[in-house]
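> Here's a sequence, model it:
(chains A and B)
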Amino acid sequence: MTPRWRLLLGVLAAGLLTLTGGGGAAAAPGGPAGRIRVASKPFTESYILSEMVAQLIEDVGEATAERRFGLGGPNLVVEALRSGEVDVDVNYTGALLHLFLKERSTATLEELRAELLHQGLALGGALGFNNTYAIAVRRKTSEELHLRKVSDLRGHPELRGAFTADFLNFDDGFYKLQQVYGVALSSVKPMQHALAYRALQSGEIDLTDAYTTDGTLPQFELTLLEDDRDFFPKYYGVIVARAELVQRCPRSWAALRRLEGQLDEQTMIGLNAGVDNKLRSVEETARTFLRARGLLHKPEPALASGVARSVLDSGLAVATYEHLTLVVISLLLSCLLGVPLGIIAFHYRKLGQLLVAATGLLQTIPSLALLCFLIPVLGIGALPTIFALFIYGLLPIAQSTISGLQSLEPRLLETARILGLTRLQRLRLIELPLASISILGGIKTAAVINVATATIAALIGAGGYGGYITRGLAMNDIPTILKGAIPTALMAVGFHGFFEILDRHLVPEGLRA
Amino acid sequence: MRLMVLIAGVSKRFAEKPVLTSVQLQLATGRTHVLLGGSGSGKTTLLRLIAGTLAPDTGTITVDGVQIAVRDPCLLADRLGYMTQEGGLFPHLRAAENIGLVARVRGWKPARLAARLAELTAVVGLEEGLLQRYPAQLSGGQRQRVSLMRALFLNPQYILLDEPLGAVDPIIRRELQETLKRVFNELNSTVILVTHDLGEAAFFGDTITLLHQGLVLQHGSFTDLALRPAHPYVSEFLMAQRPIPQLGILGS
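As a prediction, this is how the structure comes out:
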């Protein structure tokens, strides 16, 4: 091995050690009863409720609260609770029934609690509000056509509907609703939630699904149709925790349960609206509410602390550290496998084509889908993310190794043979150094792709800049999106620059002349 | 054991196109043999077969009684020096690294490497300062001298040269030809040199083998070829070299 390549391995290994060493330190438990990892899903209401939970835990002081906000969805959070990746979350009875009992309409809260306990999870009482689906129409349409209830839709097949994919596919979703109410619409399209509101506002569509505690309902001048046949299941907000937490932190659990019955629908809509309309931050909303209800006991911390403290708990430095860890480890793995893969593919054409085709195929799997496949095997958090990024890094690195080797002059390689170098010696002393420009180019590409793709990590609780982006997208909050997007772009540029410099040290001088 | 290169009934096709057909040759040791011919004559292919990077379709090649086969590393590697058009130097290695590459791989100590390097620098007449340059920083003639040093480094019994002077300008070529001839005489190695240049063939060759379309048309001394052509193409090839016009003719 030439000294230059030893340098590269040294740099990467040192980076890895720093990152993993730092990781151990960062994960050290804080409070006397350890830490409580609070999850949230990526939408406003969930951020607010989980922030309340975190603040209550901090107020009790029995354990430290660690915010794992913005995880991909209700199923994922429940999976994370079961596997012990997080400790507590606020979920919905309808979603829990669907996940655990499959017979939602008949089961009682007690039956659900028993089933959850069986799975090692503790269930609190209802917080008050029922955040279920509802059919939303423009206020104007509702007045003109005298639409008050869902059954009023029966005489209006001309109305155009657009619904979220979830609502179209759930078995208690739109198609079932059409049967129950005997409604038929001429046009039904799938559409993302925020877009559907805008389409409704501009008159492109007439109906969409909404949530009963949606804070943006007033702003878009929408009316919710009454569910007069009691079709939609109840989605009462409830606290779900690991049963172990109740024993470990009894005072914290008791404090959390004081939230029960405190939040009716109007209150929840108001809290959501405050955040959605950017009047208050999530953190401030939660704190103001808890203070008003007398649920916080410690004195108000120093002035402006709410502003000074990052809403996400983990500050930009932590996010940078997490993001960097994901990218560096996955990139290192991609190199360790990608370069040999390229070499094998170059020497054994048939096998090589197969391998490259396989990595190409993996490349086409959308990142979220790939994560979904990985969760049952690798759980949530950093591990599946690193694995996914590793997969995405493989192809550019293997491909660039192959094309680097293919571009070598055959006469030069024959000369090396005639001089008496063995295959391995030729690879080490001639072929790889000559292909190094191309290989480094591939690694550079993989690094930049990985920096961008690592933003999905937030959805499965691995942190990084994606936390800001997920949160910003969920709440239509551009500054928060930028808080994640700008550092991501800067890190990509940084990696690019780093490899430019590395190029100068690694690419043999004679090739740069 | 007979010390010679023996080529017996060797044929080779590339994609069904015959490149060499039933080649039969004996090349004695300690002499300089030239494989002469135009492009597509099969002369370079024959050299690659002797080096052992290609296997013949039929026939055998034996060197000092040992049959050549395609192996990794090449069977003759330790006894063979090789030099090609434009030197075949590795662009990522300095001149000195190119020259000492194989010896270093074979575990030579730095002191021994340096001594041999100094010795050869004198033999081929290269400025010592050029050794630390990369191939791209050397002139064509300098590259060929570096390449020659690399070919000679392990003191080989056999030296194979593939159009070694094909890409240098006439004045440099003349200098290099003299250097090569001097070195060949001093070393007393067996040299097999491929060229398309009749003058070069005549200058170097103890024997000349004229190849055309994969066939050996004649094998002998330059005098044999010139005075006793075995085939009409031999005369044609010899006559094709345009003589230098008389100054008087130019003036008229």
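
> isn't B:Phe237 right up against B:Leu198?
Yes: with contact defined as Cβ atoms under 8 Å, B:Phe237 reaches B:Leu198; the gap is 7.2 Å. The C-beta positions use only the backbone N, C-alpha and C, and glycine is treated the same way.

> Need the three-state assignment for the residue nearest to A:Phe163 when sequence neighbours are not counted.
Leaving aside its chain neighbours, A:Phe163 sits nearest to A:Asp209 (4.8 Å; criterion: Cβ to Cβ, 6 or more residues apart in numbering or on different chains). Secondary structure state of A:Asp209, per DSSP: H, G, I helix; E, B strand; the rest coil, is strand.

> ok, the residue of the stretch 51-200 of chain B found nearest chain A to A:Leu331 distance?
In the stretch 51-200 of chain B, no residue comes nearer to chain A than B:Ala77, which is 2.6 Å away by Cβ to the nearest Cβ. Counting by Cβ to Cβ, to the nearest Å, the gap from B:Ala77 to A:Leu331 is 39 Å.

> Neighbour count: those two, which is higher?
Between B:Ala77 and A:Leu331, counting by other Cβ atoms under 10 Å in any protein chain shown, A:Leu331 is the more crowded of the two (25 against 22).

> Give the residues shared as contacts by B:Phe237 and B:Leu198.
B:Leu36 (Cβ atoms under 8 Å, 6 or more residues apart in numbering or on different chains).

> quick one, strands of the stretch 101-250 of chain A?
A:121-130, A:133-138, A:160-163, A:187-190, A:207-211, A:222-225, A:236-242 (DSSP state E, counting those that start in this stretch).

> for the ones you listed, which one sits closest to B:Pro56?
Closest to B:Pro56 of those, according to Cβ to Cβ: strand A:187-190, at 67.8 Å.

> Now do the buried residues in the closest one.
Of all the residues in strand A:187-190, those buried under the rule 16 or more other Cβ atoms under 10 Å in any protein chain shown are A:Val188.

> Off-centre distance for the helix or strand hosting A:Ala388?
According to DSSP states H and E, A:Ala388 maps onto helix A:382-406. Relative to its parent chain, helix A:382-406 has a centroid offset of 22 Å by Cα atoms, centre = their mean, to the nearest Å.

> Now do stretch B:215-230: everything it contacts.
Stretch B:215-230 has contacts (Cβ under 8 Å, 6+ apart) with B:21-25, B:42, B:201-202, B:205-211, B:231, B:233-235, B:238.

> circling back: now for the helix or strand that the helix holding A:Ala388 is followed by, which elements pack on it?
Under the assignment DSSP H and E, the closest C-terminal helix or strand after helix A:382-406 is helix A:410-418. Where contact means 3 or more Cβ pairs under 8 Å, 6 or more residues apart in numbering or on different chains; DSSP states H and E, helix A:410-418 is packed against helix A:423-426, strand B:80-84.

> How far off centre is the next helix or strand after the shortest one?
Right, helix A:423-426. The helix or strand immediately downstream of helix A:423-426 is helix A:432-453, counting by DSSP H and E. Here helix A:432-453 is found 26 Å from its chain centre; the criterion is Cα atoms, centre = their mean.

> sorry, back to before: list the helices and strands the helix holding A:Ala388 packs on?
Partner elements for helix A:382-406 (3+ Cβ pairs under 8 Å, 6+ apart): helix A:316-347, helix A:349-364, helix A:367-378, helix A:432-453.

> Dump those to JSON lines, plus distance to B:Lys181 and mean pLDDT.
Formatted as JSON lines, the helices and strands packed on helix A:382-406 follow (distance: least, Cβ to Cβ, whole Å; pLDDT from 0 to 100):
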{"stretch": "helix A:316-347", "distance to B:Lys181": "41", "mean pLDDT": "92"}
{"stretch": "helix A:349-364", "distance to B:Lys181": "44", "mean pLDDT": "84"}
{"stretch": "helix A:367-378", "distance to B:Lys181": "67", "mean pLDDT": "80"}
{"stretch": "helix A:432-453", "distance to B:Lys181": "34", "mean pLDDT": "93"}
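
> now the ones you listed in CSV, with distance to A:Val137?
Converted to CSV, the helices and strands packed on helix A:382-406 look like this (distance: least, Cβ to Cβ, whole Å):
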stretch, distance to A:Val137
helix A:316-347, 41
helix A:349-364, 40
helix A:367-378, 31
helix A:432-453, 39
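
> out of those helices, nearest to chain B?
Across the helices and strands packed on helix A:382-406, chain B has its closest neighbour in helix A:432-453 (4.8 Å, Cβ to the nearest Cβ).
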